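>>> Any chance you can model this:
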Amino acid sequence: MARPVFINLPFNGVSLAVLLFALSVHNPRTPVLAGLQSLDWIGSFLIVGGTICFLYGLQSGSGGTHSWSSPSVVCLLVFGVLILVLFGVYEHRFAQDPLVPTRIFSRRTNVAAFLVLCLHGIVFIAFDYFLPLYFQVALRLSPILSGVSLFAVVLPLSVATMATGWYIRRTQDYIWPVRVASALMTLGTGLFIDLGPTRDWAKIILFQLLAGLGAGPLFQAPMIAFQSHLPQRDIAAASSASMFLRSLCTSVSIVIGTVLLQRKLEGGQLTAEAGPEAQPGHYAAAMRTMWIFYAAVAGVMTCTGLLIEKAPEQEKRETTSVESETPT
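So this is what the prediction gives:
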């Protein structure tokens with residue numbers, strides 16, 4: 001039996017200490033009873049219940065516990081979607097202090113930035129989940145070498161994320177980071193279609209490099225665009241709503257990718273071909289259809305990013321700056 005590795009505990013401890021001593025949050029000193037009464041309890045129960053039903057139905061169908069046509073899976077998926085729709089109707093029509101105010105989607109840029117965040121989550125989780133499968137099953141790499149191979153996407157992603165934060169802070173421009181990064185992510189994801197059963201390290205590293213450079217800026221640039229078009233009172237609700245739906249999209253993405261891969265493997269498990277009798281070429285070919293799907297989603301994300309505009313206040317400041325610099 002393998003012993004657990006507590007590698008995350010030191011980092012979690014440092015993060016907790018930083019939050020305790022460095023985070024400064026305004027505390028309105030609201031009484032406990034008043035705070036509990038102000039919560040949207042009905043909306044909370046609806047969104048939790050709908051999410052649990054939907055995700056459990058996806059897990060049961062994709063994990064082989066039940067077939068997709070079984071009554072339990074169908075009921076879980078259908079009722080999960082209906083409860084989530086009911087949650088949206090309740091939040092829009094009846095909630096006095098809604099968890100997700102529908103007014104945050106009143107502008108085109110808000111909707112576009114929100115969709116970019118969700119579509120980015122759908123595509124990015126495929127890098128984390130399916131690339132290690134490709135390395136270990138199709139290329140026959142060990143788990144350690146598989147993790148090392150992922151540095152080609154992790155390192156440029158980290159650098160691009162930090163560079164984008166610096167760029168946006170200096171220029172207040174979040175439009176071009178979204179557009180350029182979306183195009184790079186689409187290109188890198190599309191190039192994954194060409195990955196085969198051979199260890200062509202030049203292609204493997206280059207393709208991951210492009211995908212990582214594209215994925216990094218999209219963690220924060222769309223969120224900044226989203227928040228720039230909202231009043232201060234809606235920023236917290238918009239941030240939590242976008243993170244929740246992004247997480248939901250990543251869960252759905254794994255199920256969709258798994259189903260596409262299993263269909264090409266003729267219903268086999270994802271790691272069933274890892275044995276000595278496996279055919280790596282068959283597994284690599286099966287992943288191409290999956291990468292085509294994710295490349296198409298990334299293409300939709302790129303087109304959606306073109307709809308993001310500058311905030312009216314920012315356009316006004318730039319116009320005023322230009323007029324002040326014009327000689328009279």
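
>>> which residues of the stretch 101-250 of the chain fall in helices?
For the stretch 101-250 of the chain, the helices defined by DSSP state H, counting those that start in this stretch occupy 108-133, 143-149, 151-171, 175-191, 201-215, 221-228, 232-264.

>>> Show the average pLDDT along stretch 293-302.
Across stretch 293-302, the average pLDDT comes to 96.

>>> gap between that stretch and the chain center?
13 Å (C-alpha atoms, centre = their mean, to the nearest Å).

>>> okay, now Val154: neighbour count?
17 (other C-beta atoms under 10 Å). Every residue, glycine included, has its C-beta placed from N, CA and C.

>>> pLDDT value on it, please?
Per-residue pLDDT puts Val154 at 93.

>>> again, but for Asp200
Model confidence at Asp200, given as pLDDT, is 91.

>>> same check, this time on the one 5 residues further on
Per-residue confidence (pLDDT) for Ile205: 95.

>>> Now do the contacts for it.
Residues in contact with Ile205 (C-beta atoms under 8 Å, 6 or more residues apart in numbering) are Ala152.

>>> go on, Ser67?
Counting by C-beta under 8 Å, 6+ apart, Ser67 touches Gly61, Val73.

>>> I'd like to know how far it sits from Leu261.
17 Å (C-beta to C-beta, to the nearest Å).

>>> same deal with Phe94?
42 Å.

>>> between these two, which one's more packed in?
Between Phe94 and Leu261, counting by other C-beta under 10 Å, Leu261 is the more crowded of the two (19 against 11).

>>> if we can go back for a sec, please work out which of the helices of the stretch 101-250 of the chain is packed deepest.
helix 221-228 (a mean of 24; mean count of other C-beta atoms under 10 Å).

>>> where does the stretch 1-150 of the chain dip in pLDDT?
Flagging of the stretch 1-150 of the chain using pLDDT under 70 yields the residue ranges 1-5, 25-27, 35.
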